[in-house]
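Participant: pasting a predicted model and its sequence here:
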Number of protein chains: 2
Amino acid sequence: MQEQGQQAREEGLVAAVVESFHATPDARLRSLMEALSRHLHAFVRETRLSEEEWRAGIDFLTAAGHITDARRQEFVLLSDVLGVSMQTIQVNNEAYADATEATVLGPFFVAGAPEVELGGDIAGGAAGEPCWVQGSVRDTEGEPLPGAVLEVWECDEDGLYDVQHEGERTAARGRLRADERGEFRFWALTPVPYPIPHDGPVGRLLEATARSPMRAPHLHFLVSAPGRRTLITHIFVDGAELRCGGDAVFGVRESLVREFERRPPGTPTPDGRELGERSWTSVRFDIVLAPAGA
Amino acid sequence: MQEQGQQAREEGLVAAVVESFHATPDARLRSLMEALSRHLHAFVRETRLSEEEWRAGIDFLTAAGHITDARRQEFVLLSDVLGVSMQTIQVNNEAYADATEATVLGPFFVAGAPEVELGGDIAGGAAGEPCWVQGSVRDTEGEPLPGAVLEVWECDEDGLYDVQHEGERTAARGRLRADERGEFRFWALTPVPYPIPHDGPVGRLLEATARSPMRAPHLHFLVSAPGRRTLITHIFVDGAELRCGGDAVFGVRESLVREFERRPPGTPTPDGRELGERSWTSVRFDIVLAPAGA
């Protein structure tokens, strides 16, 4: 009964909300709010969202807000596990020639990481198996980018980033500069899988949807050079965890998977570093930066 | 260049996110999460959301979470000013015969309001011009619904609900029961316009989009009776504020606008109440409840 009236009511409300933003001085803000309103209403109308479900959504956002502080960002986690962060990255880093693909920044980047010399060790006391990382930074014409800046960061062997530990220590992160041939090399730690923080509302959502909180093992890079699009990416460890476990934040790209070659204890290191009875790994990552504005 | 590749990447990510919910035990939760993911990704892709804009969104939600507490619910306000609350109400209260239209609950309903006798005053000490409210509760066949329960609440003449004042006093809210003919009558306060709380992120959003935080003056009703769909609604005061100022939460429905007839000081009251030099108003609201499950 009155089906037409119902549809007209629903469409009329969407139109009224969109219209309410007509006087927004900033044209971009206006179009963002109009689009957000349209898509949210489409969700509510398509799903015939119940009032209890609406309330559950409000309660979810409230709980996410209350667990969020200077060290914990539940809204970023939510965006991550819905793939929204990765989609935003993709939209802002369109495929360009053979430029290296971008992936999520994640919540653990910290500006002002310690400077590390080429060949140095970013571990800074963090525990884990040593990993020799080397590669180059080039443009899409194949020309080296001397002096390109690389920020790298990762978790320790317990799957925790420095900022997740008590106290203020900085570890397993560093800032390096490519040499005059655009090449770099440093010691890091072999990446291990770890769960995103899952003791909050996002963790409960993953549990309710039978999804794993695990991230595929990876090493973060943020690479910049004058005139080039800044690249935020990871390299992922090829292996079983990647193939079977997936990645809770949809960050894995085939083009970013690398073999981390295993070196048994006693294998000579590239720079003569003495590792005693410890095994180590070795990986190569050649980076290609798109032009700025591409 | 590689436009096809770009589109395939974006669509592939949406598919992967939707697929990630495939093992959700609860079928309804699965379909909600799939739909939410599709609509959020559509928003990001359509607007080509920038990383700075994504960050502004995260910061907005974070600020909303931090201002929210037991007495302040910024996420409900956000849902309200985007019309999402009203759309949810509409979806769950489909037009049915001549049933009274629903509108938003708002953040100021409090369960367990004081019982008020028919003909009593819900003001409970709240300041404002007296308003005589009477009407009936019937079903869609026109049959009276004796004993229907009405919860009513409103702000005082300063535009504040009791819970917005310091302290724990209860005022300007009450619970009544329709008589054996399904009729009710009580004293309340003439509704006045008031702003939704606008000293937080939602207020800043309204300001940035040149929108008013004002709500059209109204009196809240929550009406229930056995076998009937519970009705959450308001009546709105016909007048200039309504026509010119609109309503920040899109709650106004033409069918809910009522004339609040003005009575000069000295006009005899329906129940002989002595109001001295005070003016008062009078309004009638005949309520029709749809069948439960309609």
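Facilitator: Okay, I see it. Numbering: from 1, shown residues only, chains lettered A, B, ... in the order given.
Participant: mind telling me what element the closest residue to chain B within the stretch 1-150 of chain A is part of?
Facilitator: Residue nearest to chain B within the stretch 1-150 of chain A: residue A:65 (1.4 Å; Cβ to the nearest Cβ). Glycine gets a C-beta too; all of them are placed from N, C-alpha and C. Using DSSP states H and E, residue A:65 sits in helix A:51-67.
Participant: cool, and residue A:247?
Facilitator: Under DSSP H and E, no helix or strand contains residue A:247.
Participant: helices along chain A, start to end?
Facilitator: Here chain A has its helices, by DSSP state H, at A:3-20, A:27-47, A:51-67, A:74-81, A:84-92, A:201-208, A:240-245.
Participant: which of these sits closest to residue B:38?
Facilitator: With Cβ to Cβ, the closest approach to residue B:38 among the helices of chain A belongs to helix A:27-47: 8.3 Å.
Participant: that closest one to helix A:3-20, inter-axis angle?
Facilitator: 160 degrees (axes from the mean of the first three to the mean of the last three Cα atoms, to 10 degrees).
Participant: so, low pLDDT: which residues of chain A?
Facilitator: For chain A, the stretches flagged by pLDDT under 70 are A:1-4, A:240-245.
Participant: give me every residue that touches the spatially most central residue of it.
Facilitator: Ranked by distance to the mean C-alpha position of chain A (Cα atoms, centre = their mean), the top residue is residue A:104 at 2.3 Å. By Cβ atoms under 8 Å, 6 or more residues apart in numbering or on different chains, the residues touching residue A:104 are A:80, A:85-86, A:89, A:232, A:234, A:249, A:251.
Participant: redo that, cut-off 6 Å
Facilitator: Residues counted as contacts of residue A:104 (Cβ atoms under 6 Å, 6 or more residues apart in numbering or on different chains) are A:85-86, A:89, A:249, A:251.
Participant: what separates it from residue B:246, distance-wise?
Facilitator: Using Cβ to Cβ, to the nearest Å, residue A:104 is found at 40 Å from residue B:246.
Participant: residue A:278 now?
Facilitator: From residue A:278 to residue B:246 the distance is 70 Å (Cβ to Cβ).
Participant: comparing these two, which residue is more hemmed in?
Facilitator: When residue A:278 and residue B:246 are compared for neighbours, residue B:246 comes out ahead with 18 against 12, by other Cβ atoms under 10 Å in any protein chain shown.
Participant: look up the closest residue to the more buried one, ignoring the ones flanking it.
Facilitator: Of all residues not flanking residue B:246 in the chain, residue B:212 sits nearest, at 6.7 Å (Cβ to Cβ, 6 or more residues apart in numbering or on different chains).
Participant: residues near that neighbour, how many?
Facilitator: By other Cβ under 10 Å, 17 other residues sit near residue B:212.
Participant: before we move on, what about residue A:23?
Facilitator: Residue A:23 sits with 10 neighbouring residues when counted by other Cβ under 10 Å.
Participant: again with residue A:222
Facilitator: The local packing of residue A:222 (other Cβ under 10 Å) involves 18 other residues.
Participant: check whether stretch A:27-36 comes near chain B.
Facilitator: Yes: contact between stretch A:27-36 and chain B, assessed by Cβ under 6 Å from any Cβ of the partner chain, occurs at A:32, A:35.
Participant: going by neighbour count, list what's buried in that stretch.
Facilitator: If you call a residue buried by 16 or more other Cβ atoms under 10 Å in any protein chain shown, then stretch A:27-36 has these buried ones: A:29-30, A:32-36.
Participant: pick the one among the residues you listed closest to residue A:292.
Facilitator: The shortest gap between residue A:292 and any of these belongs to residue A:32, at 23.8 Å (Cβ to Cβ).
Participant: list the contacts of the closest one.
Facilitator: Residues near residue A:32 by Cβ under 6 Å, 6+ apart: residue B:47.
Participant: any idea how far it lies from residue B:202?
Facilitator: Separation of residue A:32 from residue B:202 (Cβ to Cβ): 16 Å.
Participant: swap in residue A:158?
Facilitator: From residue A:158 to residue B:202 the distance is 40 Å (Cβ to Cβ).
Participant: quick one, which of these two is more surrounded?
Facilitator: Shown here are residue A:158 and residue B:202; by other Cβ under 10 Å, residue B:202 has more neighbours (26 against 12).
Participant: for stretch A:172-189, measure first residue to last.
Facilitator: Length of stretch A:172-189, first residue to last, Cα to Cα, to the nearest Å: 8 Å.
Participant: residues making contact with it?
Facilitator: With contacts defined as Cβ under 6 Å, 6+ apart, stretch A:172-189 is touched by A:113-116, A:118-123, A:126, A:128, A:130-131, A:133-134, A:136-138, A:144-154, A:156.
Participant: list only buried entries from those.
Facilitator: Here, 16+ other Cβ under 10 Å leaves A:113, A:116, A:120-123, A:126, A:128, A:130-131, A:133-134, A:136-138, A:144-145, A:148-154, A:156 buried among the contacts of stretch A:172-189.
Participant: how near is the residue nearest to residue A:124 when sequence neighbours are not counted to residue B:168?
Facilitator: Spatial nearest neighbour of residue A:124, excluding adjacent residues (Cβ to Cβ, 6+ apart): residue A:171 at 4.0 Å. Separation of residue A:171 from residue B:168 (Cβ to Cβ): 50 Å.
Participant: between these two, who's got more neighbours?
Facilitator: Comparing residue A:171 with residue B:168 by neighbour count (other Cβ under 10 Å), the higher total belongs to residue A:171, at 23 against 7.
Participant: so the more buried one is in contact with residue A:161, correct?
Facilitator: No: Residue A:171 lies out of contact with residue A:161 (Cβ atoms under 6 Å); the separation is 8.6 Å.
Participant: number of nearby residues for residue A:167?
Facilitator: 6.
Participant: kindly report the same for residue A:284.
Facilitator: Residues near residue A:284, counting by other Cβ under 10 Å: 15.
Participant: please name the nearest non-neighbouring residue to it.
Facilitator: residue A:135 is the one closest to residue A:284 (Cβ to Cβ, 6+ apart), at 5.4 Å.
Participant: my guess is the one you found contacts residue A:285, does it?
Facilitator: Yes: judged on Cβ under 6 Å, residue A:135 makes contact with residue A:285 at a distance of 4.0 Å.
Participant: gap between the residue nearest to residue A:284 and residue B:143?
Facilitator: Per Cβ to Cβ, residue A:135 is found 80 Å from residue B:143.
Participant: which of those two has more residues huddled nearby?
Facilitator: A direct count of neighbours by other Cβ under 10 Å for residue A:135 and residue B:143 places residue A:135 higher, at 19 against 9.
Participant: how about the more buried one, what does it touch?
Facilitator: By Cβ under 6 Å, 6+ apart, residue A:135 lies in contact with A:284-286.
Participant: where exactly do the strands run in the stretch 151-294 of chain A?
Facilitator: Ranges of strands in the stretch 151-294 of chain A, per DSSP state E, counting those that start in this stretch, are A:173-177, A:183-189, A:194-195, A:214-215, A:218-224, A:231-237, A:257-258, A:261-263, A:280-289.
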